[in-house]
Every structure is written in C-alpha cells, then in structure tokens.
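J.: Quick check, what structure comes out for this input:
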Amino acid sequence: MEPRPKVEEIRACRGSNWMPLFKGKTLKARAIELPGDLVEWLKKGNFSLADRFFPHQESSSSIITEIFDEPAVPEAVSDNESEECEPQKTLEWADFEELFDRIEQTIKELNGEVIPKLDWSSPRDAMWLVGNTLKCSCVGEIMILLKSSDSITHDLFHAYDNCEDLDQENQSHQ
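T.: Below you'll find the predicted structure:
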C-alpha cells in the first residue's frame, strides 16, 4: 500500500510557506488571498466577464464571449435538468472591487505582466484560452485562467482528498 500524506504535510508545501525562505532567489511574487465568494464563483459553470476586465484588449474580450457566452440552460433539457442549471451571471468589477483593484495594482507593480498561481499549481492547462501563455496583463485574463483550469479546481477543492488524516466532515474547511 502506498503511503498517503497528512494534511499538515500538504499545507507545508504551499508556496506561501516556502517562498519567504527563498526571497531574492525566486521570481518576484505577491500573495493575494481569494475571498470565499470568489472561490464559490470559480466552482460554478458558465460565466462571462464584464468589459471592465479587458481594458486594453477588445479582441480577447470578444474571443472569450464566443467561447463562454452560451445559454446556461440548453434548449433540449427536461424540466428536472433545467432546475439544476443556474442562470449565467456576468462577473462585474464591483462584485469584488477591492480585490480586482489590488490585482490590477499588482500587475502594474510587476511591470505589466504576471503569472497567476495558487499555493501549488498554475493554470497551465487553460493557457490556450489566453494566447498559449500564462502571462496576464489584465484581471480578465487571470479570471479566465483560474475559472477554466482543472489544476486550479484541484487546488481549491481537492488538494487534501488523498490525505490519510482528512476528516471527511471538515473537508470543505481546507
């Protein structure tokens, strides 16, 4: 039987724990905590972003609109299935204004481009959505990567699933 990690061992591997030890030897980084409401938004299905998220990139905005602005409820579904689908809500800047302003300021501080990363993973599996790069120059690109990445979904909702000491009742409080 393969040994399984403990929750505390997984937590010790978070970038926020080891990056300060290597300050000056790693890339410039800023830690910005994601509020629980935004994490919940990341968990939901279809999405669209208000134009404010793409201040200098009309083409990116239109590409994203083509990919994600589909009806939340497909036309050919039964009554039971349509009850499970929630209407699509456009994420507005005002929904998390303080957070988005901080991200925008951080992008400026880091010379106009950043690579988003959570504690363990970057959204490299979704980079095809923003020009096959992880470099982001606006909040909209970051939100697209975070929302579309299976790696990010794993970090947010399944990072501790295989831990030997995970209390199933407290799994949502990771």
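
J.: Could you pull up the residues touching residue 166?
T.: By CB atoms under 8 Å, 6 or more residues apart in numbering, the contact list for residue 166 reads 7, 160. Every residue, glycine included, has its C-beta placed from N, CA and C.

J.: what comes up buried for the biggest helix by length in the chain?
T.: Determined from DSSP state H, the single longest helix within the chain is helix 97-109. Across helix 97-109, burial judged by 16 or more other CB atoms under 10 Å covers 99, 100, 103, 104, 107.

J.: List the contacts of that helix.
T.: The contact list for helix 97-109 (CB under 8 Å, 6+ apart) reads 30, 32, 34-35, 38, 53, 93, 113-114, 136-139, 142.

J.: out of those residues, who's nearest residue 157?
T.: Closest approach to residue 157 among the contacts of helix 97-109 (CB to CB): residue 34, at 12.5 Å.

J.: Once you drop chain neighbours, what's closest to the closest one?
T.: Using CB to CB, 6 or more residues apart in numbering and skipping the chain neighbours, the partner closest in space to residue 34 is residue 99 (7.5 Å).

J.: Let's see the pLDDT reported for that neighbour.
T.: Confidence at residue 99, expressed as pLDDT, is 94.
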